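Peer 1: Sharing a model prediction with you, sequence too.
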Amino acid sequence: MAEILLAALRKGFTTGRSSGLRRWYHPECTLESFANGRAEVVPGASAVLAAWPRVIGPPGRLTWWSVSAAPGGYEVVTQREIVKGGTRFPVRQLHQLHVESGRIRLHLVSSAAPHEPPVLVPHDVAGVAPGSVAEFGHDGLSGAALFSARLPSGRPVVVKIVRPGRDWLAVASRDAGREGLLFTDGVYTALPAGLRSPVLSARQHDSGWIIVMDDISAELDSAQRAGRQRMARDILTAAADMHAGFLGRQAHPGLCTLADRLRVFSPLQRLLNWRSSDNFPTLIGRMWETFAERADPKVSDAVLRLVADPSALLTRLGREAPSTLLHGDLRPPNLGVRGCDVLAIDWGLATYGPGDLDFVYFLCNSAWGDDGERDALEEMWLKLTDSPPGNPVLDLAVVYHAVAGELGVLLTTAAHRPEGLPRPSDAAVAWWMRRVRTAFDRLGDLA
C-alpha cells in the first residue's frame, strides 16, 4: 500500500497534476504549504487537490527523490528541473506526510535550497581521498552544502562549503565566513579543555569557504540518547569554562553582534527573503503570528515593543554584563560527546555577548519536560557561574531571547508539530511564560 501511495505522489510531482491522487488523501486532510514565499493552509481533500498545481508548481523532470520513514508517515525530498522562460532551474521541496489508515491526513510542504552534485574542484580540499566524496544529508535550511568524504587513512570527514552571499542566515547575521575565520585565526584551538570544534581545516575558495571536519554523526546521535541531566551538566560546564576563558578578550572581528543576532529571526525576514528558495524565513512569519495569537497578552505586548525597537534592551545588556565568546546556537542537535570532550558544530552564529545568553538559548531548546528539570538547570547554571538568584543579567538574557523569537518558536512547535514528533509540553510553555513575565517584572521598563 505504501509503495503505491508513494508511486502516485511521485507521478504527481513530475506532472504537477493531482489527477489520480484523490484516493490517497483523507477527506478531512490538511495541506500546509510554506513554499513559494508564503504560508498557506488548505483544509479538505477537494481543496488540497485543487491547490496541488499551485503548491507543487509546474511539471518538471524529477532529478532527486528520497523517502525516509518518520513518526506517523514519511519524509519525501524531491528536486525537479523546471523550464521557465526558456531557462532551466532546479526546484527542491521537502514533504512531510502524516498517514492515517493508508491515506494522507496532513501534508506539510516547504521549499529548500537545491541539492548540489558532490563534485569538488581538484586540490580544493587537501588530503581528501579522490572519489570518496558523496552527498551528506542535511536539513537544507541554509545555503551551505555538505558532503561526506574520507581521508587517505579511511577516516570519515564532512566537507562543508559555505557561500555567505547565498545563505539567508549568513546574510541576516552579517556572516562573511565566520566558521572558517574562527579556525584560521586560532579561536577553536583556544577553547578550554573539555570543549572542542571538530573542524580540521578551512580555506577560502572563490566567494566562500571550504571547511573539513571530523564526521561526528555517531557522537551527535548518541548524545541525543544519553541521560539529559548528565549531558546538560557536561555541556553547561564546558560553556561556562569557555565564557570564563574568553572574558575580557577583545572581540574577534568576525563574531556576530548582539544586534545582528537579535534580528536573525525578525518578522521582516519573511519579506526580505520573499524570493528565496529557503523555507525557514517563511516559517519565521508563521512563528510570529502564532506568538501574537497564543502568548500572554502582557508578554506579547512587551516583547513586540522591543522587537520594534530593541535599543534599550541592547544598551542595558552592554552596561550590566561583560561580554565573551558565545557559541550562539547551543542546542542539542549541534552538540555531541566523545570521551570527556563536548563537541560543538555549527559556529556560524558565534556571537560576542554575555554568557547567560548561551545558557538561556540552550534551556529553551532542550528542557521540554517538567518544571523541575528547568528549575534544576537554572540552579545548576547559577552555581557554575557563581551568580546570585534573581541575577538581572539572566533576566535580560531571558527577555533577549524572547525578543529574538525563541518564545515564538517554542509556542509554534508546541502548537503545530504533529503527534509523534518531539515537542514542548504544555507545562514547558507555561513555565516560559511565567519566566518571561518574571524577568520583565524584575527589570522594569525596557521600552
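Peer 2: Good, I have the coordinates. Numbers count the residues shown, from 1 in each chain.

Peer 1: OK, contacts around the nearest residue to L326 once chain neighbours are set aside?
Peer 2: Spatial nearest neighbour of L326, chain neighbours left out: T351 (4.4 Å); criterion: CB to CB, 6 or more residues apart in numbering. C-beta here means a position set from N, CA and C on the backbone, and glycine is covered the same way. Counting by CB atoms under 8 Å, 6 or more residues apart in numbering, T351 makes contact with L255, C256, T257, L258, R261, L326, G328, L357.

Peer 1: can you do 10 Å?
Peer 2: 173, 178, 251, 255-258, 260-262, 323-329, 357-358, 361 (CB atoms under 10 Å, 6 or more residues apart in numbering).

Peer 1: just checking, next helix/strand downstream of the helix or strand of the chain with the lowest mean pLDDT?
Peer 2: In the chain, no helix or strand scores lower on mean pLDDT, DSSP states H and E than strand 134-135, which sits at a mean of 68. With elements assigned by DSSP states H and E, the helix or strand that comes after strand 134-135 is strand 145-150.

Peer 1: Now do that next one, average pLDDT.
Peer 2: Mean pLDDT, strand 145-150: 84.

Peer 1: Alpha carbons of that strand, as CSV, please.
Peer 2: The C-alpha trace of strand 145-150 is given here as CSV (Å, rounded to 0.1, in the frame of the first residue of the first chain):
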residue,chain,number,x,y,z
ALA,A,145,26.4,22.4,1.1
LEU,A,146,27.6,19.3,3.0
PHE,A,147,29.4,16.3,1.6
SER,A,148,30.8,13.2,3.2
ALA,A,149,34.4,12.1,2.3
ARG,A,150,37.3,10.1,3.6
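
Peer 1: where does the stretch 251-400 of the chain dip in pLDDT?
Peer 2: For the stretch 251-400 of the chain, the stretches flagged by pLDDT under 70 are 275-279.

Peer 1: Let me see the ranges of the strands in it.
Peer 2: Along the stretch 251-400 of the chain, counting by DSSP state E, counting those that start in this stretch, strands occupy 324-326, 335-338, 341-344, 351-353.

Peer 1: Who's the closest spatial neighbour of A51, skipping the chain neighbours?
Peer 2: In space, and not counting its chain neighbours, A51 is closest to V42: 4.7 Å by CB to CB, 6+ apart.

Peer 1: residues contacting that neighbour?
Peer 2: Contacts for V42 (CB under 10 Å, 6+ apart) come out as 29-33, 48-52, 54-55, 107, 109.

Peer 1: follow-up on the earlier one: which among the strands of the stretch 251-400 of the chain is found nearest to L304?
Peer 2: L304 lies closest, by CB to CB, to one member of these: strand 351-353, at 22.0 Å.

Peer 1: Measure how far that closest one is from the centre of its chain, please.
Peer 2: Strand 351-353 has its C-alpha centroid displaced from the chain centroid by 19 Å (CA atoms, centre = their mean, to the nearest Å).

Peer 1: same deal with stretch 327-343?
Peer 2: On the basis of CA atoms, centre = their mean, stretch 327-343 sits 15 Å off its chain's mean C-alpha point.

Peer 1: Check which residues of it are buried.
Peer 2: Residues of stretch 327-343 classed as buried: H327, G328, D329, L330, P332, N334, L335, G336, V337, D341, V342, L343 (neighbour count, 16 or more other CB atoms under 10 Å).

Peer 1: Distance check, the first one against L106.
Peer 2: Looking back up the chat, that one is H327. Applying CB to CB, to the nearest Å, the value for H327 to L106 is 34 Å.

Peer 1: for the second one, same thing?
Peer 2: With distances defined as CB to CB, the gap from G328 to L106 amounts to 33 Å.

Peer 1: in the stretch 101-250 of the chain, which spans are helices?
Peer 2: For the stretch 101-250 of the chain, the helices defined by DSSP state H, counting those that start in this stretch occupy 168-172, 178-184, 217-225, 228-246.

Peer 1: do you know which of those lies nearest L151?
Peer 2: Set against L151 and scored by CB to CB, the helices of the stretch 101-250 of the chain come closest in helix 217-225, at 15.9 Å.

Peer 1: about what we covered before: write the ChimeraX selection for whichever of the contacts of T351 are buried.
Peer 2: Once 16+ other CB under 10 Å is used to decide burial, the buried members of the contacts of T351 can be selected in ChimeraX as follows:
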select :173,178,255,256,258,261,262,323,324,325,326,327,328,329,357,358,361
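
Peer 1: among the contacts of T351, which are in helices?
Peer 2: R178, L258, D260, R261, L262, L357, D358, Y361 (DSSP state H).

Peer 1: Now the second one. Nearest residue, chain neighbours left out?
Peer 2: What that stands for is L258. Once flanking residues are discounted, L258 sits nearest to G353: 4.7 Å by CB to CB, 6+ apart.

Peer 1: Next up, the contacts around the one you found.
Peer 2: When contacts are taken as CB under 10 Å, 6+ apart, G353 is in contact with 243, 251, 255-258, 261-262, 314, 317-318, 321-326, 328, 397, 400.

Peer 1: how about 8 Å then?
Peer 2: Taking CB under 8 Å, 6+ apart as the test, what G353 contacts is L258, R261, L317, A321, S323, T324, L326.

Peer 1: quick one: the second one and Y352 touch, right?
Peer 2: No: contact criterion CB atoms under 8 Å: R261 and Y352 do not qualify, at 9.3 Å.

Peer 1: give me the number of residues near V409?
Peer 2: Neighbours of V409 under the rule other CB atoms under 10 Å: 21.

Peer 1: which strands and helices sit next to the helix or strand in which it is found?
Peer 2: Using DSSP H and E, V409 sits within helix 406-416. Contact partners of helix 406-416 among helices and strands, from 3 or more CB pairs under 8 Å, 6 or more residues apart in numbering; DSSP states H and E: helix 280-294, helix 356-366, helix 426-443.
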